[in-house]
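Colleague: this is the structure alone, sequence omitted:
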């Protein structure tokens, strides 16, 4: 369904906000701007909780252009998680580290399993995404590459697979825009939008009961979508040395 259809369904089919159903007063209880705001909130919330928008093709969110001497880069604010990262010159993914293990790697006297993946000078061979959030960029996360790119790496690209939120908001001037979550769950966006609309409309207990019913269905849809997404994207783990993030080190 497109945004225009969702807006019509929310007003007419879910909220029954029609002048034909009430006497006097304004023709509509909720403005188009209000309902648009609620649908945008539902779209973002669904994607964030269901983790259902996986992206490896949109350049603005899946590509990082390396710069000479720069190790830390700000990620797009829509990104929830980085699944993997690959340097353009490599076939295999970069190794994912944590801030703690990245520091450990820099200590050549520490005998750990991560010891075998010391950063190479000039070209990244690993990354971390737990360096912190940038409060000046709406708490967007950052990615750090080890080792720090040098002049030979400037302009080269690291390609990422990410889970993200929607890139664009619904607007009334673009009714043909489609939600980015799976199509099977488009109608469920109206459930959260209806909860937003009804939760503080009046003190009538009936409205509160209706609102909670909409919130309950929205939560159920998130669980269903998360399960469907996992079924499509997750594969059995292979327990082998040197696979899936394991790297062994044997002391001579």
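Modeller: Happy to help now that I have it. Model, not experiment: these values are computed from the prediction.
Colleague: poorly predicted segments of the stretch 1-150 of the chain, please.
Modeller: Along the stretch 1-150 of the chain, segments meeting pLDDT under 70 span 18-26, 100-121, 136-139.
Colleague: so where do the strands sit in it?
Modeller: Per DSSP state E, counting those that start in this stretch, the stretch 1-150 of the chain carries strands over the ranges 54-55, 63-65, 72-74, 79-87, 95-96, 126-128, 133-134, 140-146.
Colleague: Serialize those strands to a markdown table and add fields for mean neighbour count and distance to residue 233.
Modeller: In short, each C-beta sits where N, CA and C put it, glycine included. Output for these, formatted as a markdown table (neighbours: other C-beta atoms under 10 Å; distance: least, C-beta to C-beta, whole Å):
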| stretch | mean neighbour count | distance to residue 233 |
| --- | --- | --- |
| strand 54-55 | 16 | 6 |
| strand 63-65 | 16 | 21 |
| strand 72-74 | 15 | 25 |
| strand 79-87 | 17 | 9 |
| strand 95-96 | 18 | 17 |
| strand 126-128 | 23 | 21 |
| strand 133-134 | 14 | 25 |
| strand 140-146 | 20 | 21 |
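Colleague: in the protein, which spans are helices?
Modeller: 3-8, 32-50, 59-62, 99-105, 189-198, 205-233 (DSSP state H).
Colleague: out of those, deepest packed?
Modeller: Here the criterion is mean neighbour count by mean count of other C-beta atoms under 10 Å, and of the helices of the chain the winner is helix 189-198, at a mean of 24.
Colleague: that helix - contacts with which helices or strands?
Modeller: Packed against helix 189-198 by the contact rule (3 or more C-beta pairs under 8 Å, 6 or more residues apart in numbering; DSSP states H and E) you find helix 32-50, helix 205-233.
Colleague: let's have the ones you listed in JSON lines, adding distance to residue 184.
Modeller: Formatted as JSON lines, those follow (distance: least, C-beta to C-beta, whole Å):
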{"stretch": "helix 32-50", "distance to residue 184": "11"}
{"stretch": "helix 205-233", "distance to residue 184": "8"}
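Colleague: the nearest residue to residue 140 once chain neighbours are set aside: how many residues sit nearby?
Modeller: Leaving aside its chain neighbours, residue 140 sits nearest to residue 77 (4.2 Å; criterion: C-beta to C-beta, 6 or more residues apart in numbering). Close neighbours of residue 77, defined as other C-beta atoms under 10 Å, add up to 16.
Colleague: doesn't residue 142 make contact with residue 77?
Modeller: No - if you go by C-beta atoms under 8 Å, residue 77 and residue 142 don't touch, sitting 11.3 Å apart.
Colleague: how about the helices and strands packed on helix 189-198, which one is nearest residue 125?
Modeller: Evaluated with C-beta to C-beta, the helices and strands packed on helix 189-198 place helix 205-233 nearest to residue 125, the distance being 25.5 Å.
Colleague: if you count contacts, what does that closest one end up packed against?
Modeller: Where contact means 3+ C-beta pairs under 8 Å, 6+ apart, helix 205-233 is packed against helix 32-50, helix 189-198.
Colleague: could I get the ones you listed as a markdown table with distance to residue 91?
Modeller: Putting these into a markdown table (distance: least, C-beta to C-beta, whole Å) gives the following:
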| stretch | distance to residue 91 |
| --- | --- |
| helix 32-50 | 31 |
| helix 189-198 | 40 |
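Colleague: and for residue 151, the neighbour number?
Modeller: 10.
Colleague: doesn't residue 183 make contact with residue 2?
Modeller: No - under the criterion of C-beta under 8 Å, residue 2 is not in contact with residue 183, lying 10.8 Å apart.
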